[in-house]
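Trainee: task: produce atomic coordinates for the following.
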Amino acid sequence: MENELADFLHYCRIERRLAALTCSAYERDVRACLRFLQADGFRDWAAVRPPDLRRFLAAEAERRPALGSQARTVAALKVFFRFCVENEYLERDPALVLRTPKKREALPDVLDRRELGRLLQAVERGDVWVRHFPGKRERDRLMLALFAYAGLRRSELLGLDWDDVDLERRLLRVRMAKGGRQRTVPIHPALEPLFSDYLRFRAHNPEPALFVGVQGRRLSPTIMAQTFIRYARAAGVSERKRVTPHTLRHVFASELLRAGANLRQIQELLGHKHLDSTQRYTRVTAHELRGAVKRLRFSERQGSGRRRRISGSDGGLPAPVTSDASRTVRARNQNTCSLP
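Mentor: Coordinates of the predicted model:
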């Protein structure tokens, strides 16, 4: 059973060129299933039946109740057993009948501009860290800015080298993108001085990595996550929202949409393979919806009791007929209930 799993992991890494995190997740899920089946006395994948996999999934659901984790486990099993059938390790696929749990489509938490400003300003505070190291503030300032103004994933940011930065043409090459894909992201003009400030502390360090730790080696995911959490708590943006580095990726997509970029451009900048993934990052707030409705313009009222229409030569939607009392209430609300 271990041989089939080893061949499957080689297939994922070499032939399909899946991301390292995806391969690790698949290995973790399939190995958990392997341990579960071996504890029940299984010694061959050919003896596994759909009810056996369902018992494993039920046990996993108790241990990890998140629907996203359950869906990924089902996906890992489906890919693994399909690989075994295609490579003639098995004659039939026991995972073919498994159903993937449907995840709830929840809008991600997004920071508004004031919250983003507080987060970026938290780097300048002297009470965030007890110990200070040369270049740390410049590094963290650039790191947060790249999350917010380039929309990078954590693995993409940590995989950057100095050779990937072209300040002359204002381009950033992302080589460690998801799914083995590469892309080029324009560098916002406001980031140029941040690169220059950080470069002054890195000029004599031979490490090719863009972001390094105290020891001068490539920054680890753990240190990066701890650093981000420290600034988020200091800025007070994580009290009511779940804020992670990926939250700034949502901010990047939302700001691009607000600036007039279309979904195809946002898809290219975020490095999404499918446009459906991009649509999850486009968040329409209630404030924007109210603003869109309030921008509707109606012509002046012509005669008592007649409907007003949207201005335009071809008429338009008829305005609702309202009483004098309701018009008075609406006028009072417009004067006193302004949106923040």
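Trainee: which neighbouring elements make contact with the helix or strand containing Glu60?
Mentor: In this assignment (DSSP states H and E), Glu60 forms part of helix 50-63. Packing partners of helix 50-63 (3 or more C-beta pairs under 8 Å, 6 or more residues apart in numbering; DSSP states H and E): helix 20-39, helix 67-86. (Each C-beta comes from the backbone N, C-alpha and C, glycine too.)
Trainee: those helices: which one's closest to Val174?
Mentor: helix 20-39 (15.0 Å; C-beta to C-beta).
Trainee: can you mark which positions in the closest one are buried?
Mentor: Residues Thr22, Cys23, Ala25, Tyr26, Glu27, Asp29, Val30, Ala32, Cys33, Leu34, Phe36, Leu37 are the ones in helix 20-39 that count as buried (16 or more other C-beta atoms under 10 Å).
Trainee: so what's Pro189 up against?
Mentor: Arg170 (C-beta atoms under 8 Å, 6 or more residues apart in numbering).
Trainee: contacting residues for the closest residue in space to Gly213 that isn't next to it in sequence?
Mentor: The shortest distance from Gly213 to any non-neighbouring residue, by C-beta to C-beta, 6 or more residues apart in numbering, is to Leu219 (5.1 Å). Applying C-beta under 8 Å, 6+ apart to Leu219 gives the contacts Leu158, Ala209, Phe211, Val212, Gly213.
Trainee: buried stuff in stretch 57-66?
Mentor: So for stretch 57-66, counting by 16+ other C-beta under 10 Å, buried means Leu57, Glu60.
Trainee: can I get it in CSV? Just the C-alpha atoms.
Mentor: The C-alpha coordinates for stretch 57-66 follow below in CSV (Å, rounded to 0.1, in the frame of the first residue of the first chain):
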residue,chain,number,x,y,z
LEU,A,57,-14.7,10.3,6.0
ALA,A,58,-17.2,10.1,9.0
ALA,A,59,-14.3,9.8,11.4
GLU,A,60,-12.4,12.7,9.7
ALA,A,61,-15.6,14.9,9.9
GLU,A,62,-15.6,14.5,13.7
ARG,A,63,-11.9,15.3,13.9
ARG,A,64,-12.0,18.2,11.3
PRO,A,65,-15.5,19.5,11.0
ALA,A,66,-14.7,22.3,8.5
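Trainee: quick revisit: by how many degrees do the helix holding Glu60 and helix 20-39 diverge?
Mentor: 120 degrees (axes from the mean of the first three to the mean of the last three C-alpha atoms, to 10 degrees).
Trainee: residues in contact with helix 50-63?
Mentor: With C-beta under 8 Å, 6+ apart, helix 50-63 has contacts from 32-33, 36-37, 40, 42, 69-70, 73-74, 77, 94-95, 97-98.
Trainee: the residue nearest to Phe195 when sequence neighbours are not counted and Gly135, how far apart?
Mentor: What sits nearest to Phe195 in space, not counting adjacent residues and going by C-beta to C-beta, 6+ apart, is Leu167, at 5.9 Å. Separation of Leu167 from Gly135 (C-beta to C-beta, to the nearest Å): 18 Å.
Trainee: who has more neighbours, the two?
Mentor: Neighbour count, other C-beta atoms under 10 Å: between Leu167 and Gly135, Gly135 has more, with 16 against 13.
Trainee: how about the contacts made by the residue nearest to Phe195?
Mentor: Leu167 touches Ile187, Glu192, Phe195, Ser196, counting by C-beta under 8 Å, 6+ apart.
Trainee: please apply the same query to Ala122.
Mentor: By C-beta under 8 Å, 6+ apart, the contact set of Ala122 is Val128, Tyr231, Ala232, Ala234, Ala235.
Trainee: and Cys23, by the same measure?
Mentor: Leu9, Cys12, Arg13.
Trainee: quick check: the first one vs Glu15, distance?
Mentor: Read it as Leu9. Taken as C-beta to C-beta, the span from Leu9 to Glu15 is 11 Å.
Trainee: looking at these two, which is more packed in?
Mentor: Between Leu9 and Glu15, Leu9 has the larger neighbour count (other C-beta under 10 Å), namely 18 against 9.
Trainee: quick one on the thing from earlier: now the residue nearest to Phe195: how far from Ile187?
Mentor: Going from Leu167 to Ile187 by C-beta to C-beta gives 7 Å.
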